[in-house]
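> Next input, structure requested:
(one chain, ligands or ions: 1)
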Amino acid sequence: STAVVWFRRDLRVHDQPTFLSAADAADRSLALFVLDPALLTPSGAARKNFLYGALRELDSALGGKLLVVHGDPADVVPRIAKAVGAATVHIAADYGPYGRERDENVEKALADVDAELVRTGSPYAVAPDRVKNGSGDPFKVFTPFSRAWADHGWRAPADTDASTVTWMDPSDKDGGPRAVKIPDDETCESQLPEPGESAALALWKEFLDGGVDGYRDRRDLPAAQGTSGMSPYLKYGCIHPRTILADTASMKSDGAGTYRTEIAWREFYADVLYQRPDSARENYDKKFDALPNETGPEADEAFAAWQEGRTGFPIVDAGMRQLRAEAWMHNRLRMIVASFLTKDLHLPWWWGARHFMQLLVDGDLASNQHGWQWTAGSGTDASPYFRIFNPITQGERFDPDGDYVRRWVPELAGVKGKAVHQPWKLPDGIPDGYPEPMVDHKAERQESLARYEKVKNAR
Ligand code: FAD
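Purely as a prediction, here's the structure:
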């Protein structure tokens with residue numbers, strides 16, 4: 001008998017529950033990946049290239065037996081199941097709005113060829129919709145969610161590798177959609193982390209051995225490279241959070257505890273998106289629909305200055321330039337630049353969210369849209385109105401020596417120490433080529449507070 005293992009956001013062979021369910025169901029399995037235009041078209045080059053690299057590595061781990069096809073999964077997956085005579089197609093469940101609908105459509109279409117979609121596991125330690133409060137309702141704020149999430153617990157990593165399943169040679173398939181080559185990398189202006197499971201496990205080991213204990217103290221200092229860099233690997237499932245949680249379970253340091261809490265944020269936002277799929281595009285808190293945003297040609301120009309990292313606020317510009325150069329940005333910077341866009345420029349958060357999704361190698365709908373909404377105030381944050389980041393004091397506090405700014409803003413490379421955060425105060429004036437601050441932060445802060453009054457009074 002034959003089964004299909006359909007990979008999606010789980011591009012790995014270790015800790016792979018779908019392998020166990022496929023090996024239970026059939027003697028051999030076909031390994032499948034579908035290049036779905038609905039997902040690829042909106043992805044920037046960084047995410048596509050990372051995906052293609054991870055697929056190449058997966059294919060080699062499976063002995064060159066990964067079948068890659070192109071098309072709408074609801075069309076191609078049933079045709080493949082039929083071509084190989086599979087009664088079951090094994091997946092890790094997807095909980096995003098698109099993925100859920102896609103899987104329901106595939107499930108229906110599979111029924112027409114007498115095959116079944118079997119969901120085992122998910123990209124999360126605890127799948128969305130499992131963590132509930134005492135009344136059985138989902139949580140709307142993070143802290144109680146994270147406690148209940150930790151109490152809920154999760155399974156140990158699944159003991160699998162490439163040999164858990166006997167893989168079918170895709171050329172034995174009789175008809176069905178044509179195999180395509182994993183696409184070549186596209187031109188990309190960013191320097192990407194090495195894709196794939198081996199790179200994920202190597203980086204994770206390095207962080208476990210060297211970084212995790214100091215994580216709490218260093219995670220907010222962008223110059224220190226004190227975070228794990230696991231986000232693109234988690235996004236594509238090159239490593240599963242179960243493995244991460246198991247490896248840190250016996251670690252007692254504050255760093256390890258804080259790290260597990262960050263994993264819980266990822267799970268919280270997936271749960272929020274599952275409960276409220278509309279929040280991918282709209283305000284989670286509908287009161288914020290009353291917030292006036294800037295639009296029109298001046299807003300477009302301000303947006304372009306932000307995108308290009310020429311706002312005249314060094315910490316903001318450094319973050320935006322890191323995003324272009326590395327397709328990644330430090331979390332502290334994501335909050336600072338998002339606050340600047342929404343509270344100093346009064347632009348809609350979804351403009352910024354879209355730009356991030358275009359460039360980020362770890363771009364993830366749940367974490368990105370809700371990270372943006374948290375900063376904009378329209379999301380799950382309990383005290384949204386007064387959180388207006390001051391780009392100067394944020395710079396001085398989290399980049400106290402100015403090293404991060406100098407790394408990314410070469411015009412300011414000659415300015416010593418924390419003076420780099422206020423180049424307009426330098427005795428010789430702003431260095432050549434660097435812009436004047438595009439707004440007066442104090443005035444825009446007042447403007448923001450006035451706009452938020454409208455929200456508070458909205459029903
Ligand atoms: P570490 O500090 O090492 O954290 C470990 C892991 O915990 C991360 O890989 C991530 O999976 C999770 N995590 C940490 N912080 C958060 C958080 N605030 N929310 C959700 N998960 C978190 N993260 C994404 O993975 N994709 C995104 O598209 C994304 N967009 C964001 C947009 C904004 C405006 C903000 C404020 C945050 C966003 N984040 C996003 C969360 C966070 O910035 C990144 O996960 C983190 O910077 C990734 O680097 P790291 O792996 O070194 O993090």
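> Tell me where the longest helix sits in the protein.
Determined from DSSP state H, the single longest helix within the chain is helix 254-275.
> Run through the residues of this structure sitting next to the ligand.
219, 227-231, 234-235, 262-263, 265-266, 269, 331, 334-335, 338, 356, 360, 362-364, 367-368, 371-372, 375 (C-beta under 6 Å from any ligand atom). C-beta coordinates here come from the backbone N, C-alpha and C atoms, glycine included.
> Kindly provide the distance from residue 8 to residue 89.
11 Å (C-beta to C-beta, to the nearest Å).
> Which of the two has more residues huddled nearby?
Neighbour count, other C-beta atoms under 10 Å: between residue 8 and residue 89, residue 89 has more, with 28 against 22.
> I figured the more buried one hits residue 6, correct?
Yes: counting by C-beta atoms under 8 Å, residue 89 does reach residue 6; the two are 5.5 Å apart.
> Give the intersection of the neighbour lists for those two.
Contact criterion C-beta atoms under 8 Å, 6 or more residues apart in numbering; residues bridging residue 89 and residue 6 by contacting each: residue 77.
> Report the spatially nearest residue to residue 26, omitting neighbours in sequence.
The shortest distance from residue 26 to any non-neighbouring residue, by C-beta to C-beta, 6 or more residues apart in numbering, is to residue 3 (3.7 Å).
> Look at the one you found and give its secondary structure.
Assigned by DSSP: H, G, I helix; E, B strand; the rest coil, the conformation of residue 3 is strand.
> Report how many residues lie close to the residue nearest to residue 381 when sequence neighbours are not counted.
Sequence neighbours aside, residue 374 is the residue nearest to residue 381 in space, at 4.9 Å (criterion: C-beta to C-beta, 6+ apart). Per other C-beta under 10 Å, the neighbour tally for residue 374 reads 21.
> just the one 5 residues further on next, same as before
Residue 379 sits with 21 neighbouring residues when counted by other C-beta under 10 Å.
> Also residue 147?
13.
> Could you list every helix and strand in contact with the strand or helix carrying it?
Secondary structure from DSSP states H and E places residue 147 in helix 142-152. With contacts defined as 3 or more C-beta pairs under 8 Å, 6 or more residues apart in numbering; DSSP states H and E, the packing partners of helix 142-152 are helix 254-275.
> tilt between the helix it packs on and helix 142-152?
100 degrees (axes from the mean of the first three to the mean of the last three C-alpha atoms, to 10 degrees).
> Now residue 201: closest residue in space, sequence neighbours ignored.
For residue 201, the spatially nearest residue (C-beta to C-beta, 6+ apart) is residue 239, at 6.5 Å.
> got a list of what the one you found touches?
12, 15, 197, 200-201, 204, 230, 233.
> Pipe these into JSON lines and attach secondary structure, pLDDT and neighbour count per row.
Compiled in JSON lines, the contacts of residue 239 are given as follows (DSSP: H, G, I helix; E, B strand; the rest coil; pLDDT from 0 to 100; neighbours: other C-beta atoms under 10 Å):
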{"residue": "12", "secondary structure": "coil", "pLDDT": "98", "neighbour count": "26"}
{"residue": "15", "secondary structure": "coil", "pLDDT": "97", "neighbour count": "24"}
{"residue": "197", "secondary structure": "helix", "pLDDT": "98", "neighbour count": "22"}
{"residue": "200", "secondary structure": "helix", "pLDDT": "98", "neighbour count": "28"}
{"residue": "201", "secondary structure": "helix", "pLDDT": "98", "neighbour count": "16"}
{"residue": "204", "secondary structure": "helix", "pLDDT": "97", "neighbour count": "20"}
{"residue": "230", "secondary structure": "coil", "pLDDT": "98", "neighbour count": "22"}
{"residue": "233", "secondary structure": "helix", "pLDDT": "98", "neighbour count": "29"}
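> Widest-spaced pair of those?
Farthest pair in these (C-beta to C-beta) is 15 and 230. Separation: 14.0 Å.
> Can you tell me what sits against the longest strand along the chain?
Using DSSP state E to define each element, the chain has its longest strand at strand 28-35. Applying C-beta under 8 Å, 6+ apart, the contact partners of strand 28-35 are 1-8, 22-23, 55, 58, 62, 65-71, 73, 76-77, 80, 84, 86, 90, 165-168, 170, 173, 180, 183.
> Next secondary structure after that strand?
helix 37-40.
> Quick one: list the elements packing against that following helix.
helix 97-111.
> contacts for the following helix or strand past the helix it packs on?
Per DSSP H and E, helix 97-111 leads on to strand 116-119 as the next helix or strand towards the C-terminus. For strand 116-119, contacts defined as C-beta under 8 Å, 6+ apart pick out 21, 25, 87-93, 103, 106-107, 110.
> that older thread, any buried residues in the longest helix of the chain, and which?
The neighbour-count check on helix 254-275 (16 or more other C-beta atoms under 10 Å) flags 255-256, 259-261, 263-274 as buried.
> ok, so what distance separates the residue nearest to residue 26 from the ligand?
Per C-beta to the nearest ligand atom, to the nearest Å, residue 3 is found 30 Å from the ligand.
> Excluding covalently adjacent residues, which one is nearest to the residue in the stretch 351-459 of the chain that the ligand sits nearest to?
Closest approach between the stretch 351-459 of the chain and the ligand, counting by C-beta to the nearest ligand atom: residue 371, at 2.6 Å. Spatial nearest neighbour of residue 371, chain neighbours left out: residue 334 (6.2 Å); criterion: C-beta to C-beta, 6+ apart.
> Now tell me which helix or strand of the protein has the poorest mean pLDDT.
Scoring the helices and strands of the chain by mean pLDDT, DSSP states H and E places helix 215-218 at the bottom, with a mean of 87.
> other SSEs contacting it?
If you count contacts as 3+ C-beta pairs under 8 Å, 6+ apart, helix 215-218 packs onto helix 254-275.
> tilt between the helix it packs on and helix 97-111?
Relative orientation of helix 254-275 and helix 97-111, computed by the same axes, to 10 degrees: 60 degrees.
> So residue 442: helix, strand or coil?
helix.
> cool, and the one 4 residues further on?
Residue 446 falls in the helix class when you classify it by three-state DSSP.
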